[in-house]
Structure formats: C-alpha cells, structure tokens
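Colleague: One predicted model, sequence on top.
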Amino acid sequence: MNFHLSGSLKIYWGENSFHFGLPAFKTEGELTAKIFNEIIDEIKNEFKVATIKAEENKTSFIDFLKENELHPTPSGRNKYSWVARCPYGRRNHFMMVSTKENTFGCGYCKKQGGQKELEQLLNITL
C-alpha cells in the first residue's frame, strides 16, 4: 500500500472519529486487514496518549465544568483539547474546550469565550 495513502487515511479517520467513530474493516482490496488494523491501532494509541496528557494538564476550568455538570472529557486530539456538554443547547450537544487558554467554543451555537462568559450564562440558565 502506498505510504501516503496510509498516512492520509490515518489523518482522515483520526480527524473524523470524534463525530463518526472509527471505521470497521469490510473486505480486502487495496487495503489489507493487517494495514487497516495497524492504522486503527496507531489512532487509538495517539488518542490514549493525548487523553493521558490532557488529564495531567487539567486546569481549574475543567473543575469548574465538572462542578456545573457539563461533564468534560478529554477529546483525545491533544493535551489541551476537551469536550463538554454545551449549556447553550439544553445540553444536547458538545462544545470544544481548550485548557491552553481556558476557553470554550460551540460551533453549533456559535458561542465562545472563557470561564467568565460561561459563569454568566450558567447564572441565567440554572
């Protein structure tokens, strides 16, 4: 298999796994089951490492989200990336959270900010 194709599949599947999950192997063709499983194992390992690093770099903003029952969890993308329930959408979808700058953003609601903005919102909606 072409090294570039294998790398491209790893990037594509890794980037889209948050929304769609990891793919399942169906039949061999250009992609063998062995290569497919190697790619999936690499993605899972990278997610695991990023999740451990995120937990190690947890900030008081994550504690704030937990205290307000927004259920933050590491996204597995990098050591700063988390997801949490979005309070703007009656908690039916997730918002992205970054511990690098202690910020949040919801692409669905088009809302973003820091802990202060979230505190103001939660005082209104709770």
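Modeller: All right, it came through fine. Residues are numbered from 1 along each chain as shown.
Colleague: which residue is nearest the centroid of this protein?
Modeller: residue 75 (2.6 Å; Cα atoms, centre = their mean).
Colleague: Please name the bridge partners of the closest residue to residue 114 other than its chain neighbours.
Modeller: Excluding the flanking residues, the one nearest residue 114 by Cβ to Cβ, 6 or more residues apart in numbering is residue 103, at 5.2 Å. For glycine as for every other residue, the C-beta is placed from the backbone atoms N, C-alpha and C. Beta-bridge pairing of residue 103 under DSSP bridges involves residue 98, residue 114.
Colleague: Residue 103 and residue 120: what is the separation?
Modeller: 15 Å (Cβ to Cβ, to the nearest Å).
Colleague: would you list every one of the strands in this protein?
Modeller: Ranges of strands in the chain, per DSSP state E, are 73-74, 81-85, 94-98, 103-106, 111-114.
Colleague: Can you convert those strands into CSV and add a column each for distance to residue 55, mean pLDDT and mean neighbour count?
Modeller: CSV is the format used below for the strands of the chain (distance: least, Cβ to Cβ, whole Å; pLDDT from 0 to 100; neighbours: other Cβ atoms under 10 Å):
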stretch, distance to residue 55, mean pLDDT, mean neighbour count
strand 73-74, 6, 96, 20
strand 81-85, 10, 95, 21
strand 94-98, 13, 95, 21
strand 103-106, 18, 95, 19
strand 111-114, 21, 93, 14
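Colleague: With distance to residue 24 added, can I get the ones you listed in CSV?
Modeller: Output for the strands of the chain, formatted as CSV (distance: least, Cβ to Cβ, whole Å):
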stretch, distance to residue 24
strand 73-74, 23
strand 81-85, 23
strand 94-98, 23
strand 103-106, 30
strand 111-114, 35
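Colleague: re the thing from before, pretty sure the residue nearest to the centre of the chain contacts residue 95?
Modeller: No - Residue 75 is beyond contact range of residue 95, at 11.0 Å (criterion: Cβ atoms under 8 Å).
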